[in-house]
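Trainee: only geometry, no sequence info:
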């Protein structure tokens, strides 16, 4: 047959594709071809009496699409549709697009159709198509082709950021009079032209004004594949991401001899701002306090670094939070200097509070953190409360409580280094899996060079990174681990909001141990994602929504940001 489901829709019905017709079976399967329960998105497979025999004169396609699955022992031969669907609670099949147009870019799963729908909703655009292009080896990017009379790329990108996560906003836009078509009148994606660089120059374009700005603008252009870069263009708004930020820092070091911490790009991400830093002709003294989002006259959200010490993990959350909420984050100073890091949570919190109170002398305070960062936030809140200050709330993002039951077993150097390698890659959306047995099989002096080479191979570290830099990162990791394993606070009445990852194992109970520490003031919510993905798109938008809804934006005098 040429159709396998049917439904009669009436006025006001939610659109779906109904139920299977007679002698037809429908299966919603995951990526391992296992059946999924209602509510979970998967791929539609079809079986039954109406199944075709094969593709005409296409044995290769027949073998690929018609299968007998071990996971469906009683189904017989089934057909793989490529449709993304799910069963509703009332047994109706909902269609959610084609898997053909679901892509993965830098660790994020992206529905191209969702971007195309957002583009078509913009004034003046009559049609749109989005693809991933890799015009430069190793640098895939989203490119949007729109049918419109005119195009201003910067305005269109801003409009998309209001409705889509940052990772779904194309880095290039191409205006066409009409989309190319195949003889069957489908969009011919292979015929879409290579985008000319920087279609639709920004409205407030300002050219570089001196030699340093020219060189920095050229670095932006090379890394981001942009033809003309204004001195006020922000690196991340132009499509930059954490991996490219590492490369930019390495190029600035090679060109100007300035040791610029990657964290500087978070706060000073335009050509003009970086030029001021470079013109000092001296290495920048890194700060452990970074302003992720500016704001004035309102209560800020203070975030503390996870076990690895960096705060890249908070960038997507910051983008998703209300534009009116200032966000500041503490990263370990040990990442950028030889300065030793603290090995106790009490000392870490005390050190960061010295800087925090220079900017917000009095409460109420809103603190938070992911993983180990939540533990630092808890101790910082205790110290502030003991100093007579009030605490608005502590946001724990999938943070295990510091209780004896949560202390990991002792691990040898090889295991610790393997864990460190894994966590080093996580903020970049990468996977760095090294077996401890692999490290144990080599001399001790060879382990760091091995991990360094592996990190460079997947571009987690720049090619200019050396053993000393990796050793600094590892020292921060170990110091944080020691601090966590030696911190056991007494039960308290601080206001804790726990946001727990739904897909994480529940070895430590639904409260991750916090019901023992704050039994009367704990609030908790379960959100989609696992321990890592909860901090990144698209799950971070749900975390941001909970924070914004739970802690309303409030005016606050005396805050200097």
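Mentor: Perfect, I can see it now. Everything numeric here is computed off the predicted structure, so don't read it as measured data.
Trainee: Helix or strand: which one has residue 118?
Mentor: Element membership of residue 118, judged by DSSP states H and E, is helix 112-120.
Trainee: quick one: contacts of the helix or strand just after that helix?
Mentor: As assigned by DSSP H and E, the chain's next helix or strand after helix 112-120 is strand 125-133. For strand 125-133, contacts defined as CB atoms under 8 Å, 6 or more residues apart in numbering pick out 103, 105, 112, 115-116, 119-120, 140-148, 170, 178-179, 187, 189, 192, 194-195. Placement of C-beta: from N, CA and C, glycine included.
Trainee: Direction included, what does strand 125-133 pair up with?
Mentor: strand 141-148 (antiparallel) (DSSP bridges).
Trainee: that older thread, weed out the non-buried ones from the contacts of strand 125-133.
Mentor: Buried subset of these (neighbour count, 16 or more other CB atoms under 10 Å): 103, 112, 115-116, 119, 141-148, 170, 179, 187, 192, 195.
Trainee: mind checking how far the helix holding residue 118 is from the chain centre?
Mentor: Relative to its chain's centre, helix 112-120 lies at 20 Å (CA atoms, centre = their mean, to the nearest Å).
Trainee: Run through the neighbouring helices and strands of it.
Mentor: Helix 112-120 is packed against strand 93-98, strand 125-133, strand 141-148, helix 153-161, with contacts defined by 3 or more CB pairs under 8 Å, 6 or more residues apart in numbering; DSSP states H and E.
Trainee: now the second one and helix 112-120, what's the angle there?
Mentor: This means strand 125-133. Per axes from the mean of the first three to the mean of the last three CA atoms, to 10 degrees, the angle that strand 125-133 makes with helix 112-120 is 140 degrees.
Trainee: Could you say which helix or strand holds residue 328?
Mentor: Following DSSP H and E, one finds residue 328 within strand 327-330.
Trainee: After the longest helix along the chain, heading C-terminal, what element do we hit next?
Mentor: Identified as the longest helix of the chain according to DSSP state H is helix 467-485. Next helix or strand after helix 467-485 toward the C-terminus (DSSP H and E): strand 496-501.
Trainee: Please name every helix or strand in contact with that next one.
Mentor: Applying 3+ CB pairs under 8 Å, 6+ apart, one finds that strand 496-501 contacts strand 391-397, helix 514-517, strand 522-527, helix 539-550.
Trainee: average pLDDT across that strand?
Mentor: Average pLDDT, strand 496-501: 94.
Trainee: Check for me that residue 83 belongs to a strand.
Mentor: Yes: per DSSP: H, G, I helix; E, B strand; the rest coil, residue 83 lies within a strand segment.
Trainee: Next up, the contacts around the closest residue to it other than its chain neighbours.
Mentor: Nearest residue to residue 83, sequence neighbours excluded (CB to CB, 6 or more residues apart in numbering): residue 44, at 4.4 Å. Shown in contact with residue 44 (CB under 8 Å, 6+ apart): 26-28, 81, 83-85, 93.
Trainee: if you set the cut-off to 6 Å instead, what comes out?
Mentor: Counting by CB atoms under 6 Å, 6 or more residues apart in numbering, residue 44 touches 81, 83, 85.
Trainee: Go through the helices and strands packed on helix 112-120 and pick out the most buried.
Mentor: Of all the helices and strands packed on helix 112-120, strand 141-148 carries the top mean neighbour count, a mean of 22, counting by mean count of other CB atoms under 10 Å.
Trainee: quick one: contacts of that strand?
Mentor: For strand 141-148, the external contacting residues (CB under 6 Å, 6+ apart) are 119, 124-131, 133, 170-176, 192, 195.
Trainee: go again using 7 Å as the cut-off
Mentor: For strand 141-148, contacts defined as CB atoms under 7 Å, 6 or more residues apart in numbering pick out 105, 115, 119, 124-133, 170-179, 192, 195, 239.
Trainee: Equivalent analysis for stretch 258-266, please.
Mentor: So stretch 258-266 is contacted by 235, 245-246, 248-249, 252-253, 277-278, 283-284, 286, 290, 292, 331, 336 (CB under 7 Å, 6+ apart).
Trainee: which parts of that stretch are buried?
Mentor: In stretch 258-266, counting by 16+ other CB under 10 Å, buried: 258, 260-266.
Trainee: farthest pair in those?
Mentor: 258 and 266 (16.9 Å; CB to CB).
Trainee: all strands in the stretch 151-300 of the chain, in order from the N-terminus.
Mentor: In the stretch 151-300 of the chain, the strands defined using DSSP state E, counting those that start in this stretch lie at 172-176, 289-293.
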